[in-house]
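# Using only what follows, build the 3D model:
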Amino acid sequence: MALSTDTVLVVTESDDLHGDALAATLREQHRLDPIRLDLRDFPCQTGSFRLDKGGTNRALAHVHGLDDVRAVWWRRAHPCAVPHGVRAADDEFRQAECDGFLQGMLWSIPAYWVNDPAAERTAARKIVQLETAQRAGFVVPETLITNDPDEARSFVESRSGPVVYKRTGTGRGEFSETRIIADADLGRLMSIRSTPTTFQDYIAAACDLRVVWVDGIEWTVRIDSQAGVGRVDSRLDTSVDFTPYRLPASVSKSLSTLMGALGLSFGVVDLRLGADGEYYFLEVNPQGQFAYLEIKTGLPLFASLANLLVRGDGAVPGW
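Numbering: from 1, shown residues only. Here you go, the predicted structure:
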């Protein structure tokens, strides 16, 4: 895939570290200055879409070159920042109009998308991930997702070992830790009526694995999670050892099948290598954090992503 200079669009928060790092990599390695766009700038900044016999024209007052874009990193796209008025119904109408306009204008760009927004929206649903992962050949811990307190209690009490609970959605908000359910938690199960919660068998681990998938290129990091305070949730401790790792061929095959079925060209996948030697699928985040993995291991993760956007191939010579 051949791209023109200055034709990569990065849609993310204006203060996103990952957006900054990718932009620096594109400038240093490809002499390309990407377009940056935070959707929250609209409608404060004006925009227009025009269609006539000569073709189309997309314009945002603070962004230039949208019609020249050939690749997009759809990193972290917020709803538009629409000022609130007096009536909630009017606010909802304006929000829908602004989001519909800006998303439609961007999604109509005939570019290479990382990831396609429609595919990503579906793939981000945990239930879709778990079902697809099992069909792809992964072992998935036995799981119940419910807002029924009685179902949850029955599941927990029926298991022979510990059960963890964690959030089901992928929306923004405070960090939500995965925890082992305790007796005291059983007394608070009524709270899940308004927040469907994921309950899952706890897998005793040898280590945790985080895979940055770049369209067929898998960059895997072994996290020595059991050596620190992140034994249940590896995200809680970055002081342990992080080392590059190679997945067995059978696991790589399942991973490739999973990402293909989800329609994702990029994602951050969490696996757990059990004490029993089995590789368990936990989740995939199409917008997952990975900068710290490059810092910890030296793996060329941003170079791989930049190559994918510019050349259509995430391979990095020498790796």
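# On the C-terminal side of the helix or strand harbouring Arg36, identify the next helix or strand.
Using DSSP states H and E, Arg36 maps to strand 35-37. Once the chain leaves strand 35-37, the next helix or strand it forms, by DSSP H and E, is strand 47-52.
# which parts of that following strand are buried?
47, 49 (16 or more other C-beta atoms under 10 Å). For the C-beta atoms, the positions are set from N, CA and C on the backbone; glycine is no exception.
# Just the C-alpha atoms of the worst-scoring helix or strand of the chain on mean pLDDT, please, in CSV.
In the chain, no helix or strand scores lower on mean pLDDT, DSSP states H and E than helix 183-186, which sits at a mean of 90. Taking C-alpha atoms only, helix 183-186 is exported to CSV below (Å, rounded to 0.1, in the frame of the first residue of the first chain):
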residue,chain,number,x,y,z
ASP,A,183,-17.5,-13.5,51.5
ALA,A,184,-18.0,-9.8,52.2
ASP,A,185,-18.6,-9.2,48.5
LEU,A,186,-21.4,-11.7,48.4
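# so how far is it off the chain centroid?
31 Å (C-alpha atoms, centre = their mean, to the nearest Å).
# Who does whichever helix or strand comes after that helix pair with, and is each partner parallel or antiparallel?
Counting by DSSP H and E, the element after helix 183-186 in chain order, helix or strand, is strand 197-201. Note on strand 197-201: by DSSP bridges, its sheet partners are strand 143-146 (antiparallel), strand 163-167 (antiparallel).
# Confirm that Leu209 sits in a strand.
Yes - per DSSP: H, G, I helix; E, B strand; the rest coil, Leu209 lies within a strand segment.
# Excluding chain neighbours, give the residue nearest to it in space.
Excluding the flanking residues, the one nearest Leu209 by C-beta to C-beta, 6 or more residues apart in numbering is Leu271, at 4.3 Å.
# Could you report the distance from the one you found to Val63?
Per C-beta to C-beta, to the nearest Å, Leu271 is found 38 Å from Val63.
# So between these two, which is more surrounded?
Leu271 (25 against 17; other C-beta atoms under 10 Å).
# Pretty sure the more buried one sits in a strand.
Yes - assessed by three-state DSSP, Leu271 belongs to a strand.
# Could you chop the protein up by domain?
What the record gives for the chain is the domain set 8-114, 142-201, 204-311, from automatic domain parsing.
# next one: the second one to chain centre, how far?
If I follow you right, that is domain 142-201. With C-alpha atoms, centre = their mean, you get 22 Å for domain 142-201.
# which residues of this structure score low on pLDDT?
1-6, 170-175 (pLDDT under 70).
# Which residue ranges of it form helices?
Secondary structure of the chain (DSSP state H): helices at 17-30, 88-107, 117-123, 126-135, 149-158, 183-186, 249-262, 291-297, 301-311.
# which residues touch the nearest residue to Cys80 once chain neighbours are set aside?
Among residues not flanking Cys80 along the chain, Cys98 sits closest, at 4.0 Å (C-beta to C-beta, 6+ apart). The contact partners of Cys98, taken as C-beta atoms under 8 Å, 6 or more residues apart in numbering, are 42-43, 80, 82.
# mind running it again at 6 Å?
43, 80, 82 (C-beta atoms under 6 Å, 6 or more residues apart in numbering).
# Scan these and report the most crowded one.
Cys80 (22 neighbours).
# My read is that that one contacts Phe42, right?
Yes - using C-beta atoms under 6 Å, Cys80 makes contact with Phe42 at a distance of 4.8 Å.
# Now do the shared contacts for the two.
By C-beta under 6 Å, 6+ apart, Cys80 and Phe42 have these common neighbours: Leu102.
# how many neighbours does Glu294 have?
Neighbours of Glu294 (other C-beta under 10 Å): 18.
# and what of Ala204?
12.
# Ok, Lys53 next?
Quick note: Lys53 (other C-beta under 10 Å) scores 4 neighbours.
# And Ala123, by the same measure?
23.
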